[in-house]
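Asker: have a look at this fold, sequence not included:
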């Protein structure tokens, strides 16, 4: 068998059918992913549809100079980074807590029930999520204003025009949506831990909390490190829907809700500023690419098994 | 199993916290379901509440009365979801198959071509210009299907890994010695043996299509092409949309008392219902699928 595998007698006849099978998918990636990569030159052009994309004048780094002269560049970079850091830190902690608690429940039916309930928020669209948030936060009849603040005698808050609340709100919303789903990987890792380790710790007199501290967490460490590092690689990306649709695209909130992704959309579709939008997009792609490479190098050092490439 | 008192306490504690967390995850859904059954006047006067004064079916009656718009949006969503998932799944697995064959000369080249798309992208602007200026997908159904088809190279690698780890090369070689062509091997042997991963990835794709609204935001301005998500979004930003000529004149004159808030919530409920059917399957495959995928891509 092995001898046969090593001597491909008719290479073309063997590879051609497989290439044909791969064809449609390859073609798709070529069009959808690789062609636009060559489109990055748009960031260096003064796009003029009358002259066509290729015919437009080159303007060097002007789009970038303009972009970084505005306060937008600073705000969107700061927001993207800080939100992601908060999501990673809190999300990881909450997910791990859920996973540990869930693995404690001896009854399988219950843990299945809880898991189903906890992943539901992850399955709904950002539009539906923004409606849920609207039900809680709208100024006139929202649940928070009407049913919590009013009875307590606290003045109503106009949530959709007060930028200062949104950092907390968006972090809470994101954790609500993703923590249950995020806990699955940790839950599966805990399920894979050899039960006899716990048994012997018990005989040595270790209580539950001590078992978690001395066994569960150390054994989860590789998973935690890899997942955190991988999300570090995406720290320049943000969920467009969360930052655009959930705050209802409210202009009063831009100072705390604008991220690179929402900026790119607004510059392209609402302000029609193609050059600036392309420049912001390229800035995001390049920094993101550099981050992924860095993170991968670190993962490789920490645990070569888990490196992406 | 013998438990010490400390352990029993901890189990009880876990159960209580888990119940609280699950309730917390669930409450917002309950609130909008109740809101959708609340009388509009009550909703405006008393606000959203878990215990409304007056219940009513007005919102659903309203949706029924202008069913045309909702059925069309549902139709668009279902069509796009089914077509997108079917085509996406087919070309994903067709691409993953040669990648999984270690005896295929270019299997690593293909893997790199797919993987690189996950690392670097040209960004939104070049994609937007390409799809609109060169492929002219603006305001067509293709705008809702094409940009998302294999949007996620991760899915291809997931299927590749499954093929590789679960169907030994020996089976394939045996089939081919018996005279099966590559095409036949793929459709008759690889696919039937790989239904779990096809179900998992198909579910991911289906959910992504069902929940997608961004493609329409970029490429579609005709309300006739709005799926359920974009209709909801439109409703939310402007309840008057239903009355405007844009949405079609089907509504006629009997829209004087528009149950706007409750209708939005009823629409949200209708947008979630199909997702609920996926949930049990999701639960079944998820632990395995996510772990295969997330920890080693």
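Answerer: Yes, it's here. No experiment lies behind these values; they were computed from the predicted model shown.
Asker: which secondary structure element contains the residue in the stretch 51-200 of chain B that chain A sits nearest to?
Answerer: When scored by Cβ to the nearest Cβ, the stretch 51-200 of chain B has residue B:126 as its residue closest to chain A, at 2.4 Å. Backbone N, C-alpha and C define where each C-beta goes, glycine included. Using DSSP states H and E, residue B:126 maps to helix B:124-129.
Asker: so does the very next helix or strand once past that helix get close to chain A?
Answerer: Remark: after helix B:124-129, the chain's next helix or strand is helix B:142-145, criterion DSSP H and E. No: residues of helix B:142-145 contacting chain A under Cβ under 8 Å from any Cβ of the partner chain: none, with a closest distance of 11.6 Å.
Asker: helices of the stretch 151-297 of chain B, start to end?
Answerer: Applying DSSP state H, counting those that start in this stretch to the stretch 151-297 of chain B gives helices spanning B:153-166, B:169-177, B:182-184, B:191-193, B:195-211, B:214-219, B:228-237, B:260-295.
Asker: format the ones you listed as a markdown table; extra columns: distance to residue B:33, mean pLDDT and mean neighbour count.
Answerer: Formatted as a markdown table, the helices of the stretch 151-297 of chain B follow (distance: least, Cβ to Cβ, whole Å; pLDDT from 0 to 100; neighbours: other Cβ atoms under 10 Å in any protein chain shown):
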| stretch | distance to residue B:33 | mean pLDDT | mean neighbour count |
| --- | --- | --- | --- |
| helix B:153-166 | 32 | 87 | 20 |
| helix B:169-177 | 49 | 85 | 14 |
| helix B:182-184 | 49 | 86 | 17 |
| helix B:191-193 | 39 | 89 | 14 |
| helix B:195-211 | 19 | 89 | 20 |
| helix B:214-219 | 26 | 92 | 20 |
| helix B:228-237 | 15 | 84 | 22 |
| helix B:260-295 | 6 | 75 | 18 |
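Asker: in a markdown table, list those helices along with distance to residue A:243.
Answerer: Output for the helices of the stretch 151-297 of chain B, formatted as a markdown table (distance: least, Cβ to Cβ, whole Å):
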| stretch | distance to residue A:243 |
| --- | --- |
| helix B:153-166 | 22 |
| helix B:169-177 | 46 |
| helix B:182-184 | 45 |
| helix B:191-193 | 40 |
| helix B:195-211 | 17 |
| helix B:214-219 | 12 |
| helix B:228-237 | 15 |
| helix B:260-295 | 20 |
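Asker: these: which one's closest to residue A:104?
Answerer: helix B:260-295 (16.6 Å; Cβ to Cβ).
Asker: can you say which of the helices of the stretch 151-297 of chain B is nearest to residue A:82?
Answerer: Nearest to residue A:82, of the helices of the stretch 151-297 of chain B and by Cβ to Cβ, is helix B:214-219 at 23.5 Å.
Asker: just checking, which helix or strand of chain A averages the lowest pLDDT?
Answerer: helix A:2-6 (a mean of 46; mean pLDDT, DSSP states H and E).
Asker: list the buried residues for the helix or strand that that one is followed by?
Answerer: The element immediately downstream of helix A:2-6 (helix or strand, assigned by DSSP H and E) is helix A:11-29. Within helix A:11-29, the residues that count as buried by 16 or more other Cβ atoms under 10 Å in any protein chain shown are A:14-15, A:17-19, A:21-22, A:24-26, A:28-29.
Asker: got it, and stretch A:142-151?
Answerer: A:142-147.
Asker: now these as JSON lines including secondary structure, pLDDT and distance to chain B?
Answerer: Shown next, in JSON lines, are the buried residues of stretch A:142-151 (DSSP: H, G, I helix; E, B strand; the rest coil; pLDDT from 0 to 100; distance: Cβ to the nearest Cβ, whole Å):
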{"residue": "A:142", "secondary structure": "coil", "pLDDT": "84", "distance to chain B": "6"}
{"residue": "A:143", "secondary structure": "helix", "pLDDT": "88", "distance to chain B": "4"}
{"residue": "A:144", "secondary structure": "helix", "pLDDT": "89", "distance to chain B": "9"}
{"residue": "A:145", "secondary structure": "helix", "pLDDT": "87", "distance to chain B": "7"}
{"residue": "A:146", "secondary structure": "helix", "pLDDT": "84", "distance to chain B": "3"}
{"residue": "A:147", "secondary structure": "helix", "pLDDT": "84", "distance to chain B": "6"}
